[in-house]
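Novice: fold the following for me, if possible:
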Amino acid sequence: MCGRYASARGKQELLEEFQVELDGAADEELGPDYNVAPTKPVYAVMSRVPKSAPGDRPIRQLRVVRWGLVPAWAKDPSIGSKMINARVETVAEKPAYRKAFAERRCLIPADGYYEWAVLDEKDAKGKPKKQPYFVRPADGGVMAMAGLYEFWRDRGRADDDPLSWLVTCTIITTDAVDEAGRVHDRMPMLIERDRWGEWLDPGVPDAKGFLISAGSTGLEIHPVSTAVNSVRNNSPELVEPLKEG
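Specialist: Predicted coordinates for the structure are as follows:
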């Protein structure tokens, strides 16, 4: 966890919801995605000082990044597929996440996320069957998942090549609470609305206070179709409650 989630809100809605000051994805707009998988481009909300005004205050912005964090020291970006999650218990100490946790925290908007419960039944190959569930805020609001972002430079490209920089992210996970805990013992760490500003502020280097009570309540969960198992499937039906029979 978290290995799949849904993000169907449009960019304009996210700009308003998160009170974004700068559209850092002006030339990019992602379509509704009901089956977001690792290495896909996703929206991330972050606060950064604009390059055009060094020394100025951080500006809250929306950017498109790739899911799967690639540390600055990585030799190639393939490591990102293995770093989609960072455990809350070790995120402040592990070398791959430590600097990003201190300086590059972000929020990953979502409508909800998927988790799989292991059943007592077995399939034709003798492996335990798994039932997918969709976890979302009971009030239908946006889910602000705590994340970290990082910049990776492709040394094989020229400095002025726009493709020489890759921006990636990871989602922080914590112990599952509320209804989510019935399916799996881990879940995304969620940041409450009144703490968004503090979490995003790069001027707050010690954010360990967020790690003490990193859970969230007010979630609801329901079983969904196994169609979500395939990343090729992507439609609103994936998040709908499974019909009896």
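Novice: which SSE is Ile221 in?
Specialist: Assessed by DSSP states H and E, Ile221 sits inside strand 219-223.
Novice: tabulate the CA atom coordinates of that strand in PDB.
Specialist: Taking Å, rounded to 0.1, in the frame of the first residue of the first chain, the C-alpha atoms of strand 219-223 are listed here in PDB:
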ATOM      1  CA  LEU A 219     -13.300   6.900   5.600                       C
ATOM      2  CA  GLU A 220     -15.700   4.500   4.000                       C
ATOM      3  CA  ILE A 221     -14.800   1.300   2.100                       C
ATOM      4  CA  HIS A 222     -16.600  -1.000  -0.300                       C
ATOM      5  CA  PRO A 223     -15.700  -4.000  -2.500                       C
END
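Novice: residue ranges with poor pLDDT in this structure?
Specialist: 1, 52-55, 160-163, 178-179, 212-217, 244-245 (pLDDT under 70).
Novice: what residues of stretch 71-80 count as buried?
Specialist: Within stretch 71-80, the residues that count as buried by 16 or more other C-beta atoms under 10 Å are Pro71, Ala74, Pro77, Ile79, Gly80. C-beta here means a position set from N, CA and C on the backbone, and glycine is covered the same way.
Novice: shouldn't the first one be within a strand?
Specialist: No: remark: Pro71 does not belong to a strand; assigned using DSSP: H, G, I helix; E, B strand; the rest coil, it is coil.
Novice: okay, helices next: where are they in this protein?
Specialist: Ranges of helices within the chain are 11-17, 98-103, 196-200, based on DSSP state H.
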